[in-house]
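J.: need coordinates for the below:
(chains A, B, C and D)
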Number of protein chains: 2
Amino acid sequence: MTDHERESGFTRGDLARATGCNIETIRYYEKTGVLPDPPRTDAGYRIYSAAHATRLRFILRARELGFSMEDIRGLMGLEDGAAPTCAEVKERTERHLAEVRAKIADLRRIEAVLAATALRCSGAEVPDCPVLDAISGS
Amino acid sequence: MTDHERESGFTRGDLARATGCNIETIRYYEKTGVLPDPPRTDAGYRIYSAAHATRLRFILRARELGFSMEDIRGLMGLEDGAAPTCAEVKERTERHLAEVRAKIADLRRIEAVLAATALRCSGAEVPDCPVLDAISGS
DNA sequence: CTTGAGCCTGTAGTTACTACAGACCTTACA
DNA sequence: TGTAAGGTCTGTAGTAACTACAGGCTCAAG
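T.: Numbers count the residues shown, from 1 in each chain, chains lettered A, B, ... in the order given. Coordinates of the predicted model:
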């Protein structure tokens, strides 16, 4: 990579370090279309700009919030080409929020059962276990 | 399947219906070793017994509680061949419980962020959205 | 000029299933 | 006895969202 080429951007490794994203994941995002194909050097090296970094940080943050890649495509307006309206974003967010709440409710039920059964467990070095009985008989 | 063969057990479809398990999943569990290979009719049809049903219900219930297949193998004593002691089960249960609680904490953080950003959203038919800004800038 | 690091590609592995295709078997009914 | 519908058999491929290689270039530093 020449100085001229490098001037205007960073490499994939640079982008990975700058965002905390796994270097292979960047390529994966490119392949699946959520990150645009960057220009290349003569040798074929990707050249990323600040805009790519911004986009990648958006994706990573949305993933942290549990949005699916499909959701993220929608949030970025990659499904119909146009930027989504505030209403569309809100709808998607609320749908996702409902899923998150449902998941929390599931996990709380699980937590209650696990905590209760673990309490019943003696922790002795014996093969007979009330936890296994609880799993079997419910 | 002759009357004699059928007498002693049920088919894969019967087992699926009796347990609520997907019929293909039964074969998958057999392939991965958590469900023992059942005897077969002369034509190669699987013949399941009540013991298989009990085992399958245990697996399904443990899955409902969020245990991984590896955990389940451990709970059933398929890792070292011997039935696990109560202490081993307790340890596995508490490790899993800790993961469940960590996941709940994650999801609650996510829930808080989503709920807060969704509130800020006007829901108007405009392309400018505070939710997207929130994802971008945090 | 060499050495080591970084980048390139394509592909395979992960978890826990789920869904076929194409062949075979069984059952019910005429 | 014939046949049509439905069940079962096998192997394989697909799912989400990555992650990790192998084998080959390229680049930067000494």
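
J.: rounded mean pLDDT for stretch A:114-121, please.
T.: Averaging pLDDT along stretch A:114-121 gives 88.

J.: again with stretch A:59-66
T.: Averaging pLDDT along stretch A:59-66 gives 96.

J.: give the next helix or strand downstream of the strand or helix carrying A:R109.
T.: Applying DSSP states H and E as the criterion places A:R109 in helix A:86-120. Scanning the chain past helix A:86-120 towards its C-terminal end, the next helix or strand to appear is helix A:130-136 (assignment: DSSP H and E).

J.: got a list of contacts for that following helix?
T.: A:113, A:116-118, A:120-122, B:54, B:57-58, B:61-62, B:65, B:75, B:86, B:89-90, B:93 (Cβ atoms under 8 Å, 6 or more residues apart in numbering or on different chains). (Glycine included, C-beta is placed from N, CA and C.)

J.: cool, and stretch A:15-24?
T.: By Cβ under 8 Å, 6+ apart, the list of residues contacting stretch A:15-24 from outside reads A:F10, A:R12, A:G13, A:I26, A:Y48, A:H52, A:A53, A:L56, A:R57, A:L60.

J.: hmm, A:Y48 and the second one touching each other?
T.: Yes - A:R12 sits in contact with A:Y48 when judged by Cβ atoms under 8 Å, with a separation of 7.0 Å.

J.: between these two, point out the one with more neighbours.
T.: A count of neighbours by other Cβ atoms under 10 Å in any protein chain shown puts A:Y48 above the other of A:R12 and A:Y48, at 24 against 19.

J.: need the contact list for the more buried one.
T.: A:G9, A:F10, A:T11, A:R12, A:D14, A:L15, A:P38.

J.: okay if I get these as CSV plus distance to B:P130, secondary structure and pLDDT?
T.: Written out in CSV, the entries for the contacts of A:Y48 read as follows (distance: Cβ to Cβ, whole Å; DSSP: H, G, I helix; E, B strand; the rest coil; pLDDT from 0 to 100):
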residue, distance to B:P130, secondary structure, pLDDT
A:G9, 30, coil, 89
A:F10, 30, strand, 93
A:T11, 34, coil, 97
A:R12, 32, helix, 97
A:D14, 31, helix, 97
A:L15, 27, helix, 97
A:P38, 29, coil, 97
